[in-house]
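Colleague: only geometry, no sequence info:
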Ligand code: ADP
């Protein structure tokens, strides 16, 4: 845990490597709190960043209204109102772009300044240690702690400041939208995709070069530190610690300046893109999916490659089953499609367009998912099923519930669909929750279904009801389905089976094609499953 190590050094309690190691065990929570306490001195910038975040979140909620009404007016050719809305749309998107840019700048500057403070303090902490400490520690270890460890902590801090805060706000905004009028997403920005890509490409090239210089400077700081620490006796004998600290500081300052310049340019690119990007939402979707050479690792375990070059094409309306041993990366593919995370490299295309370039909310409108662990809100069953939908009819809701095998159990409650669930309401079983989630999803008529079939937590009867509902969903057709499949019966019916192992698709084809490869992974999996099911029957 580099941050704790740094904090320990800063507090001057470091007395040998043991001190660092024991401090490495601090819990994750503590880690976050410590990171935040270090960022406290940047309270001004953080406050400004949060203010801009609120403004952009607010204007993002307002923008679709104007996009929708402009589209309506285009259809109705009502010219006067049209003009006013166009002006407002441009004004709000300008606000959105500018504040979005400033927000990015603030958070990115906080991260870079905290990084610099940490580096300086850590170096001072190390260089003033007892000589006995240097006897016990190699200079290589020290320098790696000074650069790599400290460098890698700017990432979680960035994440806290931008992603976490934004997601919390999105969550709050989602609730607000529940009670807000119907708003229509429209597409305006097909024409703006080209300039956005151009600006992004220019920025990326420039930024890469700048960051190359920045890392070179950091490496110089590193070697200045290594030199000073390697000659610690001379430094101590001449009392030149302050000289060395200043030398080190000048390098980290130059690196920070480059970093801040990058932050300015980045925020400029974001501001322009946000302005142009306005309507990169989608009104209709066919539902074809393509993964192109997708690499991914989770931020917390960067050395562990979870997807190692996945290529997969699922045509519109087809069912693709992901199978393979646990840990192969199947659920991760679902996470990436939901855009919980972005690929480290490679692309995910939806209807031929990069998922990253699409408006997340409009993508989610066309995607349905039933997670293994379904969350319910502490409100009525009706509100849970229709969560986030601006309009729906009772008939539609009941039809969706019937298809999801949920209607009967709902009607058995005295208050039917008005029954409150969750806290201080009825406690639903896992299977019931899943069936409500299926109803919730069905009501949205998504073009793409992402399913994780694992139903291990359910009792046999619930499992059968959930499976029946899922089978119905898949068999109904007209939707592209990607599912993490465990049951042979589901897999057998899929149009395409992708066998995942160690983050790669190792076999691809239909059941009939793959089963003939005797030594193939799939054939072996099937043999094992048939065998274990036969055993189960024998036991019963
Ligand atoms: P599968 O669905 O095939 O069982 P997963 O996609 O769930 O595989 O996991 C692939 C690998 O990623 C596993 O080694 C797992 O431990 C790791 N992993 C999954 N989620 C996370 C996470 N949030 N953070 C770190 N590692 C994760």
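Modeller: On my side now, so go ahead. Worth saying up front: this structure is predicted, and the values here are computed from it rather than measured.
Colleague: Need the residues that contact whichever strand or helix holds residue 321.
Modeller: Using DSSP states H and E, residue 321 sits in strand 319-323. Identification of contacts with strand 319-323 by C-beta atoms under 8 Å, 6 or more residues apart in numbering yields 312, 314, 330, 333, 474, 480-486, 490-491, 493-500, 522, 525. (Each C-beta comes from the backbone N, C-alpha and C, glycine too.)
Colleague: who are the neighbours in contact with residue 56?
Modeller: Residue 56 makes contact with 96, 99-100, 103, 274 under the criterion C-beta under 8 Å, 6+ apart.
Colleague: Please identify the helix or strand for it.
Modeller: Assigned by DSSP H and E, residue 56 belongs to helix 43-76.
Colleague: following that helix, which helix or strand shows up next?
Modeller: Downstream of helix 43-76 (by DSSP H and E), the next one is helix 79-127.
Colleague: So for stretch 472-483, first residue to last residue, what's the gap.
Modeller: End-to-end distance of stretch 472-483 (C-alpha to C-alpha, to the nearest Å): 14 Å.
Colleague: in that stretch, what's buried?
Modeller: By neighbour count on 16 or more other C-beta atoms under 10 Å, the buried set for stretch 472-483 is 473-474, 479-483.
Colleague: The stretch 151-300 of the chain against the ligand: which residues are in contact?
Modeller: Neighbours of the ligand within the stretch 151-300 of the chain, by C-beta under 6 Å from any ligand atom: 298, 300.
Colleague: Where does the prediction get shaky in the stretch 151-300 of the chain?
Modeller: Counting by pLDDT under 70, the ranges of the stretch 151-300 of the chain that qualify are 151-164, 166-168, 170-197, 200, 204, 208, 211-212, 215-216, 273-276, 278-284.
Colleague: Report the buried members of the contacts of residue 56.
Modeller: Taking 16+ other C-beta under 10 Å as the criterion, what is buried in the contacts of residue 56 is 96, 99-100, 103, 274.
Colleague: now the strands: where do they sit in the stretch 301-450 of the chain?
Modeller: With DSSP state E, counting those that start in this stretch as the criterion, the stretch 301-450 of the chain has strands at 307-314, 319-323, 345-350, 353-354, 367-370, 448-452.
Colleague: want to try TSV for those, with distance to residue 135 and mean pLDDT as columns?
Modeller: Formatted as TSV, these follow (distance: least, C-beta to C-beta, whole Å; pLDDT from 0 to 100):
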stretch	distance to residue 135	mean pLDDT
strand 307-314	43	94
strand 319-323	54	93
strand 345-350	44	92
strand 353-354	55	84
strand 367-370	57	82
strand 448-452	54	86
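Colleague: closest to residue 65 out of these?
Modeller: strand 367-370 (23.0 Å; C-beta to C-beta).
Colleague: Skipping its backbone neighbours, what lies nearest the closest residue to the ligand within the stretch 151-300 of the chain in space?
Modeller: Closest approach between the stretch 151-300 of the chain and the ligand, counting by C-beta to the nearest ligand atom: residue 298, at 3.4 Å. Leaving out its chain neighbours, the residue that sits closest to residue 298 by C-beta to C-beta, 6 or more residues apart in numbering is residue 306, at 6.3 Å.
Colleague: ok, now residue 95?
Modeller: Closest to residue 95 by C-beta to C-beta, 6+ apart is residue 59, at 5.2 Å.
Colleague: if I pick the one you found, what's in contact with it?
Modeller: 92-93, 95-96, 99.
Colleague: Now the residue nearest to residue 392 when sequence neighbours are not counted: phi and psi?
Modeller: Nearest non-adjacent residue to residue 392, counting by C-beta to C-beta, 6+ apart: residue 386, 5.1 Å away. Phi and psi for residue 386, reported as degrees, to the nearest 10, are phi -100, psi 20.
Colleague: List the contacts of residue 386.
Modeller: 392, 397, 440, 443.
Colleague: Just confirm residue 499 contacts residue 511, I think it does.
Modeller: No: the criterion here is C-beta atoms under 8 Å, and residue 499 misses it with residue 511 at 11.3 Å.
Colleague: Grab the nearest non-local neighbour of residue 354.
Modeller: Leaving aside its chain neighbours, residue 354 sits nearest to residue 347 (5.4 Å; criterion: C-beta to C-beta, 6+ apart).
Colleague: I meant residue 477, not that one.
Modeller: Using C-beta to C-beta, 6+ apart, the closest residue to residue 477 is residue 317 (6.4 Å).
Colleague: One more: residue 288?
Modeller: Spatially, and ignoring its direct neighbours in sequence, residue 288 is nearest to residue 316 (4.6 Å; C-beta to C-beta, 6+ apart).
Colleague: What is the neighbour count of the one you found?
Modeller: 15 (other C-beta atoms under 10 Å).
Colleague: who are the neighbours in contact with it?
Modeller: Here residue 316 is in contact with 286-288, 480 (C-beta under 8 Å, 6+ apart).
Colleague: Out of those, who's the most crowded?
Modeller: Neighbour counts for the contacts of residue 316, by other C-beta under 10 Å, peak at residue 480, which reaches 25 neighbours.
Colleague: how close does that one get to residue 310?
Modeller: As for residue 480, its distance to residue 310 is 17 Å (criterion: C-beta to C-beta, to the nearest Å).
Colleague: thinking again about what came up before, the residue nearest to residue 298 and residue 503 touch, don't they?
Modeller: Yes: counting by C-beta under 8 Å, residue 306 touches residue 503, with 5.5 Å between them.
Colleague: can you list residues touching both of those two?
Modeller: With C-beta under 8 Å, 6+ apart, residue 306 and residue 503 have common neighbours 296, 329.
Colleague: Would you tell me which residues of this structure are close to the ligand?
Modeller: 298, 300-301, 306, 326-332, 484, 500.
Colleague: So among the residues you listed, which ones count as buried?
Modeller: 306, 328-332, 484, 500.
Colleague: want to try JSON lines for the residues you listed, with pLDDT as columns?
Modeller: Formatted as JSON lines, those follow (pLDDT from 0 to 100):
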{"residue": "306", "pLDDT": "95"}
{"residue": "328", "pLDDT": "92"}
{"residue": "329", "pLDDT": "93"}
{"residue": "330", "pLDDT": "92"}
{"residue": "331", "pLDDT": "89"}
{"residue": "332", "pLDDT": "92"}
{"residue": "484", "pLDDT": "89"}
{"residue": "500", "pLDDT": "94"}
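Colleague: which of these sit farthest apart?
Modeller: Largest separation among these by C-beta to C-beta: 306 and 484, giving 14.2 Å.
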